[in-house]
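Q: what would the 3D arrangement of this be:
(chains A and B)
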Amino acid sequence: MSTSPAAQPRAHRVRRFRPDRDVVEWQGAYRRYDVMKEVFVCFLAVLILVVACAIVFSSPDDPPVTIKSWSNAAPVDFAQTAMTELDGTSALATYGPPYTDTKGVSQMLGPISLEHAVGVRIPIDTAKVFVLDPLATLPNRPLLDAALSRYEGASPGQQAKWDAAYETVVADATFSSGKLLVKSGPYGPVASLISNLESMAQTGALDGALLASPQLYATNYTNPLLFIAGGTYMADLAAQRHLQGSQWGMMNETGNYPGQAWLWLYTLWYQVPPMKTSSNGDVEVWAIMMALTLALALLPFIPGLRSVPRWVGVYRLIWRYHYRSLGPEALSQLPPGRQSPRQ
Amino acid sequence: MSAPAVDSLAASTEKGTWTGKLRERAVEALPPDRLLPDRQPAYVASWAYVFGALTIGAFIVVLLSGAVLAVEGPAWWHKSNAGLFVNSTHLWGTEFFFMFMVVHLWAKFFMAAWRGRRKATWITGVIAFAVSIGTAFTGYLSQQNFDSEWIGTQAKDGINSTGAGAFWNVLNFGQMLMWHIVLLPLLVVLLIGIHVLLVRRRGVVPPFAPTQAQLAKAGLALSGAATTPAAAPLFEELPSQQALAGLVEPRLQEPPPAEQPVTTEPSAQEPTSQEPSTPEPVAQTPTLPQPAPDAPAAKEPPAPEPAAQESLWHLPEDES
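A: Below is the predicted model:
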């Protein structure tokens, strides 16, 4: 004779108590507590600390590098960088996704390239974006217009010859009396292009040209920042401020401030091999950090790791008053390590 | 009398709707005196417990200072002493927020605070920590100064390598500012809110208990010891209920009580078997004055669960 499910005794799973997973709910004493008071007092305490630190230490605010400041402070570096953008040999011109479709440069995580899988989503033709298009916006420059027409009308082979010739002489360029001085050579109109771009940059016009958008209000600084990052000027300033990657880079900030100290572990991986020298270092560091973050979140499910708190025994300090109330014998017997060989 | 009739009508109307059911569940899960308690277990007596509230206090400072910065716009603090001061409070509030949060995280790790159905509390805390890092990072990108330039141009390589840079462009000031002041703060507020509600719902994790074997070794052998040789080894791992209750010595003189409530969690790793069990209420020694019959139910100590048999804990199957 069958009975209805409701009439049957409830089936129970047999479980063994696991000290790293289970607890015996508290049946002991309680004491008075006001959660609102605790939060409010903590807020006031933090507010006092924060205001004191703000008054005493303030906050760093080093002015940004603009193309104008860069080209005035380091005109030769600017000209050399602009030349690499024009001839397509810069780091950005050969970056790969998401900026260019350069083959074989994407970082690999094992057999997978995530950036290659996503593809070019922010396309940048460095010669056009950084040199030719901005120069075309300058009005009333017949000589420049002629140089532009000549360069853009030439075959790619001819352009490459001019570029290579100018690349050679600009390495030894000097800047004097507002002029970029280079040795003569078979570089065609390229000298005129770079010289005019230098002038444009020094007036600040190139900053605006690279920010140009269909809307009046521009908020996307991708182009000017990528151009500035292509030179050595900003990197030199960063090195002086101890912000280079080899100097624990991003977790620092200008001045004597804590910076993003919480990024210490992320930055640490860049200081140790093989990530330190690997061509896939970025994606390797990210993979490690994602795995560690996942492990931290899922720590309660990981046998062994979830027992570490019990083995380490710091809880004896945290709950010392509670254990003290149990008597000295019980306290002396609290587990410093494993409780059972089966754990 | 018309008032009871009106109440009855309102109650039946609510029960018929999904919003009414939602409300019932919410009140059941978090009754007001659990949401904003006026008492806490006696073992909560350490500075380690303060850092959660300090983190929330710092978070409020960060939100308020960020709101003041938003009133005047992102460039205000570069050209105004008042703006620089407010920006400084935003920066230092963030520094303290992370400092307190990290200490809180370590303290909860050393307490193994995920025990007793508190895994979701731990996970939401870790996710809140990770999202907070992203929020602070976008703040550094939105400063419009050398730091934001340098951090952005350096960070792009790491983010591009994951493929995310194609959609989340750290050099796009407008995009990063919106993430920093709208999307990520909302997410952090949501995660911290869920985290705090879970803490209130599940309570503060109890201390590790001395085991029966350890207490026995200390000359404090308790009642409830194994009754069969086969079960005896398992008892090595059972906690001493009396020790947890803080009533070890008086209870040593008492007759063997039934086991006290235990919160165990289902686990796929554990071997299971099916056997019937008759739950028995557990006698408790209340340490608080018993509430009057009409007092709120939540003032009472936690309801006892079915007693365990011998050395094994039994959970209803539908709880797994």
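Q: which segments of the chain make up each domain?
A: Since no chain was named, I'll use chain A. Taking automatic domain parsing as the reference, chain A has its domains at A:67-234, A:250-297, A:301-332.
Q: ah, I was thinking of chain B
A: As assigned by automatic domain parsing, chain B contains the domains B:29-202, B:209-246.
Q: worst average pLDDT in the ones you listed?
A: In terms of mean pLDDT, the lowest-scoring of those is domain B:209-246 (a mean of 44).
Q: doesn't A:His180 lie inside a strand?
A: Small correction: residue A:180 is Leu, not His. Yes. Under DSSP: H, G, I helix; E, B strand; the rest coil, A:Leu180 falls within a strand.
Q: and for it, the neighbour number?
A: By the criterion of other Cβ atoms under 10 Å in any protein chain shown, A:Leu180 has 19 neighbours. Every C-beta, even on glycine, is put in place using the N, C-alpha and C of the backbone.
Q: on that earlier part again, dump the domains of chain A into CSV; add mean pLDDT and distance to chain B as well.
A: Formatted as CSV, the domains of chain A follow (pLDDT from 0 to 100; distance: least, Cβ to the nearest Cβ, whole Å):
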stretch, mean pLDDT, distance to chain B
domain A:67-234, 94, 3
domain A:250-297, 92, 4
domain A:301-332, 84, 4
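Q: which residues does A:Val76 contact?
A: A:170, A:173-175, A:180 (Cβ atoms under 8 Å, 6 or more residues apart in numbering or on different chains).
Q: tell me if I'm right that A:Thr219 and B:Asn172 touch.
A: Yes. Shown here, A:Thr219 and B:Asn172 form a contact pair, counting by Cβ atoms under 8 Å, at 7.1 Å.
Q: helix, strand, or coil at whichever residue of the stretch 51-200 of chain B sits closest to chain A?
A: Residue nearest to chain A within the stretch 51-200 of chain B (Cβ to the nearest Cβ): B:Gly174, separated by 2.8 Å. Of the three states, B:Gly174 takes helix under three-state DSSP.
Q: apart from its chain neighbours, what residue comes closest to it?
A: In space, and not counting its chain neighbours, B:Gly174 is closest to A:Thr219: 2.8 Å by Cβ to Cβ, 6 or more residues apart in numbering or on different chains.
Q: quick one: the one you found from B:His78, how far?
A: Distance of A:Thr219 to B:His78, given as Cβ to Cβ, to the nearest Å: 16 Å.
Q: likewise B:Leu35?
A: The gap separating B:Leu35 from B:His78 is 43 Å, by Cβ to Cβ.
Q: for A:Phe40, same thing?
A: 33 Å.
Q: likewise A:Gly231?
A: A:Gly231 is 24 Å from B:His78, by Cβ to Cβ.
Q: out of these two, which sits in the more crowded spot?
A: The neighbour count for A:Gly231 versus B:His78, taken as other Cβ under 10 Å, is higher for A:Gly231 (24 against 15).
Q: pull out the buried positions in stretch A:72-87.
A: By 16 or more other Cβ atoms under 10 Å in any protein chain shown, the buried positions in stretch A:72-87 come out as A:72, A:74-87.
Q: same question, stretch A:302-311
A: Using 16+ other Cβ under 10 Å as the test for burial, stretch A:302-311 gives A:306-307, A:309-310.
Q: what is the end-to-end distance of it?
A: Distance across stretch A:302-311, first residue to last, is 15 Å (Cα to Cα, to the nearest Å).
Q: same thing with stretch A:167-179?
A: OK, stretch A:167-179 end separation, Cα to Cα: 17 Å.
Q: contact partners for A:Trp70?
A: Each residue near A:Trp70 by Cβ under 8 Å, 6+ apart is listed here: A:77-78, A:201, A:228, A:231, A:233-234.
Q: C-terminal to the helix or strand hosting it, what's the next element?
A: Assessed by DSSP states H and E, A:Trp70 sits inside helix A:67-73. Next along the chain after helix A:67-73, taking DSSP H and E as the criterion, comes helix A:75-87.
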